[in-house]
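The following block contains a protein sequence and its predicted model.
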Amino acid sequence: MKLLLSAYHYHSIKALRRIRPVLTCDMARGVVASLTHTRLDFANSVLTETSGSNIDKLQRVQNCLARVVLRDNYNLPACFLSHLHWLPVNKQINFKITTFTDESVAFGQPTYLSAVLTPHQPQRSLHSVNQNLLHVPHFNSRFGQRSFSYCAPKI
């Protein structure tokens, strides 16, 4: 699946490069957002605690998209991303989990996520009692540490 995902992105980038000279920067940004950036962002919250090499692969795709949109070939992807107001892939993942967590705590929706989040109840009176912290469950396995109930309170 990873190879197909990357092949799709690079095929889309190649097609975008061909039509890029006739597009304005805003039009190119819109095309990238609708065709490829949505695929990078879709379900990226399941990539929490994944290996750095997987994140690097997705980051390379995003950097390549930014270079195509801005028509630059510099090796400064952080500047490209901030100019386009895009978050790096690892921060996008954290942002999506934070958004899901906030919606689950504030509105109780979706119920399958809000059911696994429990408020932190300190054993004695602490200043942190008013900070709306969540309880971080204990997992011994790496698989358990990738779960939403573990990652959401940590992030």
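That came through fine. Residues are numbered from 1 along each chain as shown.

Tell me how many other residues crowd the residue lying closest to residue 114 once chain neighbours are set aside.
Taking CB to CB, 6 or more residues apart in numbering, and ignoring the residues beside it in sequence, residue 114 has residue 104 as its nearest neighbour in space, at 4.1 Å. (Each C-beta comes from the backbone N, C-alpha and C, glycine too.) Residues contacting residue 104 under the criterion other CB atoms under 10 Å number 21.

Then the one 5 residues further on?
Neighbours of residue 109 under the rule other CB under 10 Å: 10.

Checking it next. Helix, strand or coil?
Counting by DSSP: H, G, I helix; E, B strand; the rest coil, the backbone at residue 109 sits in coil.

pLDDT wise, what is it at?
Residue 109 carries a pLDDT score of 79 in this model.

Just confirm it contacts residue 102, I think it does.
No - Residue 109 is not in contact with residue 102 according to CB atoms under 8 Å; the separation is 11.1 Å.

Mind telling me what element residue 86 is part of?
Of the helices and strands defined by DSSP states H and E, none includes residue 86.

quick check: domain ranges of the chain?
As given by automatic domain parsing, the domain ranges for the chain are 2-89, 94-154.

Would you mind finding the most buried of these?
Highest mean neighbour count of the domains of the chain: domain 2-89, a mean of 15 (counted as mean count of other CB atoms under 10 Å).

Let me know the average pLDDT across it.
Domain 2-89 carries an average pLDDT of 79.

re the thing from before, so the residue nearest to residue 114 versus residue 155, what's the distance?
With distances defined as CB to CB, to the nearest Å, the gap from residue 104 to residue 155 amounts to 13 Å.

one step back: if I look at the residue nearest to residue 114, how far off is residue 145?
Distance from residue 104 to residue 145, by CB to CB: 19 Å.
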